[in-house]
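**Student:** what follows is a predicted structure for the sequence shown.
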Amino acid sequence: MSVLLKRLLLYLTIAILFGGSFLLIWGRAMQRGYNRDENQFVASGELLAEQTLLPYRDYPYFHMPNLIFVYALVDKVTDYSLLGARAVSVVFSMASIVLIFWISYNFFRGQRLSIRMTASAGGVILLLANPLFAYTSGLAWNHDLPILLVLLAFSVHVHGSERENPAIWTLISGGLIGLAIGTRLTFLLVAIPFFVTLFNFPGIITPKARLKTLLAFCLGMILGLTPSLFLFAIAPREFIFGNVTYAQLNTAFREETGFIGPMGLVEKMDHLRTKVLNQPGNLLLFLAMIFFAYTTSIVEYRKKRQAPVEPLLILLIIPFLGIGALLPTPTFNQYYFSPVPFAIVGILYGLARFNELSSQRITWPLVLFLQVVVLSSVYFIDDAPNIARLGNPRSWYPLQVHRLGKEIQSASPEAKVLTLTPIYPLDGGAEIYAEFATGVFAWRTGHLLTADQRQAFRVISEDELEEFLSKDPPGAILVGLHPGQEGPLIDYARQEGFKESLLSEELTLWVR
């Protein structure tokens with residue numbers, strides 16, 4: 001076979017792999033229905049783009065802010081807010097897939113092209129087939145972006161460790177970690193592995209060089225955190241409330257309502273065992289990570305009597321992201337997604353080291369790895385309908401939201417829409433109350449704050465609703481997706497003589 005033909009075959013294989021990956025993730029993202037967590041991310045981007053309103057200062061917001069700026073840019077180029085936001089998440093997921101392929105391809109450098117391609121494609125399939133990835137990726141929330149940023153930081157950090165003057169590389173890796181933290185606070189702990197491994201850079205032999213590298217990494221983190229630091233500076237009390245205090249309120253709300261779920265550490269660990277690791281795709285990945293990543297690294301350490309930066313960084317990232325996943329209360333499956341891509345990176349690294357030590361073309365660890373990939377890929381069966389429905393855009397949930405949003409906007413073309421589901425009216429071009437940008441989250445905990453606190457943090461509760469609306473009455477009220485919390489909104493609609501109309505099977509629109 002000629003060199004040109006081999007190259008064309010390689011490019012075709014990569015194109016099919018990435019093209020199929022995109023269709024799979026896009027199909028999942030378009031078929032997933034309503035997710036209440038998306039409200040505050042999409043709404044906040046829209047409020048910044050259309051009204052120049054900032055989180056914390058102008059309305060309550062309960063996450064780190066970076067994703068808002070991304071979605072605001074999206075809203076500047078499209079009227080399809082939810083579609084644009086989910087599309088960006090798909091892009092972030094695809095970028096992570098490409099990066100994992102590239103990282104794996106480099107792990108196997110010096111080995112046969114067929115082995116490099118097989119292992120790298122296997123790593124991509126392993127991620128695509130993972131239930132946590134399938135559940136989490138592609139939605140308009142803050143999970144896909146920080147994963148991509150940490151993967152980029154990993155690549156840059158390892159590359160810098162191989163250079164005589166790594167300061168510029170550690171500056172960049174620190175900046176990427178700062179951006180990840182500014183997107184999701186639970187990624188704060190992942191800075192520790194990067195900081196620790198700076199002391200293992202082989203090219204740093206003098207105290208001055210080490211200090212320079214450490215300072216560069218810290219400076220990078222500060223630069224990456226600049227958007228968050230800016231918002232903290234203009235509204236420090238509100239920033240702390242949104243990122244720290246609200247988490248305590250949310251826990252108190254769950255306890256008050258008798259929520260049955262994983263709240264304490266023991267319950268969270270039990271949830272991890274019975275709801276996450278009980279899924280074959282997650283269990284196979286966990287076992288493969290232990291075997292390939294940790295076993296290989298221990299053997300490698302015993303042989304070399306030192307801790308190379310690459311495996312040490314991998315082995316530290318996974319548990320620190322795992323600890324971060326356990327911090328939010330209550331716990332949900334999507335929180336456990338963050339270690340998954342790095343577990344796959346660790347598996348690929350261990351497999352590459354196994355292959356280096358063997359003179360055989362096909363080793364038993366490679367065969368074992370491929371068996372894990374094949375067994376995991378059974379999960380793809382559930383995705384066949386999603387891909388099949390891509391040919392019918394009317395079935396895409398974001399487009400359904402846009403269509404209903406247009407109906408809401410036409411029913412209330414001038415006045416605001418009161419709702420705990422802001423993604424619908426915003427997607428149609430209607431205006432909402434910024435105080436309700438978080439959807440149900442601020443509303444349901446408002447009664448746990450004092451009146452002064454609610455006024456300071458711009459949180460509206462049932463006690464202030466009528467007075468709040470008297471100053472700026474709504475033109476329509478949208479309810480239906482939060483039946484346990486929407487009673488006061490419906491009572492107000494009836495009291496003010498709004499007319500009820502069924503918008504869809506789930507949504508009801510009350511119009512003045």
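**Tutor:** That came through fine.
**Student:** next, the contact list for the residue nearest to Val373 when sequence neighbours are not counted, please.
**Tutor:** Using CB to CB, 6 or more residues apart in numbering and skipping residues adjacent in sequence, the residue nearest Val373 is Gly122, 4.5 Å away. Placement of C-beta: from N, CA and C, glycine included. By CB atoms under 8 Å, 6 or more residues apart in numbering, the contact set of Gly122 is Phe369, Leu370, Val373.
**Student:** tell me the one of those residues nearest Leu132?
**Tutor:** Using CB to CB, Val373 comes nearest to Leu132 of the contacts of Gly122, at 16.3 Å.
**Student:** the closest one: neighbouring residues, count only.
**Tutor:** Each residue near Val373 was counted by other CB atoms under 10 Å, and the total is 21.
**Student:** check which helix or strand covers it.
**Tutor:** helix 364-376 (DSSP states H and E).
**Student:** any idea which helix or strand comes after that helix?
**Tutor:** helix 384-388.
**Student:** which outside residues touch that following helix?
**Tutor:** Contact with helix 384-388 is made by Leu23, Leu24, Gly27, Arg28, Met30, Gln31, as judged by CB under 8 Å, 6+ apart.
**Student:** confirm the fifth one sits in a strand?
**Tutor:** Meaning Met30. No. Met30 is assigned helix when assessed by DSSP: H, G, I helix; E, B strand; the rest coil, not a strand.
**Student:** what about it, distance to Gly391?
**Tutor:** As judged by CB to CB, to the nearest Å, Met30 and Gly391 stand 11 Å apart.
**Student:** who has more neighbours, the two?
**Tutor:** Taking other CB under 10 Å, Met30 and Gly391 do not tie; Met30 has more neighbours (24 against 7).
**Student:** for Val74, see how far away the more buried one is.
**Tutor:** Using CB to CB, Met30 is found at 16 Å from Val74.
**Student:** got it, and Gly475?
**Tutor:** Separation of Gly475 from Val74 (CB to CB): 26 Å.
**Student:** repeat that for Ala85.
**Tutor:** From Ala85 to Val74 the distance is 6 Å (CB to CB).
**Student:** now do the shared contacts for these two.
**Tutor:** Common neighbours of Ala85 and Val74 (CB under 8 Å, 6+ apart) are Gly45.
**Student:** now Ile477. Its backbone dihedrals?
**Tutor:** phi -130, psi 120 (degrees, to the nearest 10).
**Student:** same check, this time on Ser501
**Tutor:** phi -140, psi 140.
**Student:** correct me, but it touches Arg512?
**Tutor:** No. Checked against CB atoms under 8 Å, the pair Ser501 and Arg512 is beyond contact range at 11.8 Å.
**Student:** ok, and the closest non-adjacent residue to the spatially most central residue of the chain?
**Tutor:** The residue lying closest to the centre of the chain (CA atoms, centre = their mean) is His143, at 0.6 Å. Leaving out its chain neighbours, the residue that sits closest to His143 by CB to CB, 6+ apart is Thr136, at 5.0 Å.
**Student:** cool, and Ser228?
**Tutor:** Ser228 sits nearest to Gly182 (CB to CB, 6+ apart), 4.3 Å away.
**Student:** need the contact list for the one you found.
**Tutor:** Gly182 makes contacts with Met64, Pro65, Asn66, Gly224, Leu225, Pro227, Ser228, as judged by CB under 8 Å, 6+ apart.
**Student:** which elements pack onto the helix holding Val373?
**Tutor:** Using 3 or more CB pairs under 8 Å, 6 or more residues apart in numbering; DSSP states H and E as the contact test, the elements touching helix 364-376 are helix 113-128, helix 280-288, helix 340-356.
**Student:** can you redo these as JSON lines with mean pLDDT?
**Tutor:** Converted to JSON lines, these look like this (pLDDT from 0 to 100):
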{"stretch": "helix 113-128", "mean pLDDT": "92"}
{"stretch": "helix 280-288", "mean pLDDT": "89"}
{"stretch": "helix 340-356", "mean pLDDT": "90"}
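**Student:** the helix holding Val373: how far from the chain's middle?
**Tutor:** Here helix 364-376 is found 28 Å from its chain centre; the criterion is CA atoms, centre = their mean, to the nearest Å.
**Student:** quick check: buried residues in that helix?
**Tutor:** Residues of helix 364-376 classed as buried by neighbour count (16 or more other CB atoms under 10 Å): Pro365, Leu366, Phe369, Leu370, Val372, Val373, Ser376.
**Student:** dump those residues to CSV, plus distance to Thr245 and pLDDT.
**Tutor:** Compiled in CSV, those are given as follows (distance: CB to CB, whole Å; pLDDT from 0 to 100):
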residue, distance to Thr245, pLDDT
Pro365, 49, 82
Leu366, 51, 85
Phe369, 46, 89
Leu370, 49, 87
Val372, 43, 88
Val373, 44, 88
Ser376, 40, 84
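**Student:** just the closest of the residues you listed to Leu287, please.
**Tutor:** Looking across those and measuring by CB to CB, the closest to Leu287 is Val372, at 8.2 Å.
**Student:** need phi/psi at the nearest residue to Asp58 once chain neighbours are set aside.
**Tutor:** The spatially closest residue to Asp58, leaving aside those adjacent along the chain, is Ala434, at 6.0 Å (CB to CB, 6+ apart). Torsion angles at Ala434 (phi, psi; degrees, to the nearest 10) stand at phi -60, psi -30.
**Student:** I'd say Ala434 and Tyr59 touch.
**Tutor:** Yes. With contacts counted by CB under 8 Å, Ala434 reaches Tyr59, the gap being 3.9 Å.
**Student:** more neighbours, these two?
**Tutor:** Tyr59 (24 against 20).
**Student:** who does the more buried one bridge with?
**Tutor:** Pro55 (DSSP bridges).
**Student:** now Ile168: which helix or strand?
**Tutor:** helix 167-181.
**Student:** quick one: list the elements packing against that helix.
**Tutor:** helix 144-161, helix 191-197, helix 207-224.
**Student:** just the ones you listed: most buried one?
**Tutor:** Here the criterion is mean neighbour count by mean count of other CB atoms under 10 Å, and of these the winner is helix 144-161, at a mean of 24.
**Student:** what inclination does that one have with respect to helix 340-356?
**Tutor:** 40 degrees (axes from the mean of the first three to the mean of the last three CA atoms, to 10 degrees).
**Student:** after the helix-or-strand element of the chain with minimal mean pLDDT, next one along is what?
**Tutor:** The weakest-scoring helix or strand in the chain, judged by mean pLDDT, DSSP states H and E, is helix 296-304 (a mean of 62). Counting by DSSP H and E, the next helix or strand C-terminal to helix 296-304 is helix 309-326.
**Student:** same question for that following helix, mean pLDDT?
**Tutor:** Across helix 309-326, pLDDT averages out at 92.
**Student:** pull the CA atoms of that helix into CSV?
**Tutor:** C-alpha atoms of helix 309-326 as CSV (Å, rounded to 0.1, in the frame of the first residue of the first chain):
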residue,chain,number,x,y,z
VAL,A,309,5.0,14.4,35.7
GLU,A,310,2.6,12.7,33.2
PRO,A,311,1.3,9.7,35.3
LEU,A,312,1.5,11.7,38.6
LEU,A,313,-0.7,14.4,37.2
ILE,A,314,-3.2,11.9,35.9
LEU,A,315,-3.3,9.9,39.1
LEU,A,316,-3.8,13.1,41.2
ILE,A,317,-6.4,14.7,39.0
ILE,A,318,-8.8,11.8,39.2
PRO,A,319,-9.2,11.7,43.0
PHE,A,320,-9.3,15.5,43.4
LEU,A,321,-12.0,15.8,40.8
GLY,A,322,-13.8,12.9,42.6
ILE,A,323,-13.6,14.8,45.9
GLY,A,324,-15.0,17.9,44.1
ALA,A,325,-17.9,15.8,42.8
LEU,A,326,-18.8,14.8,46.3
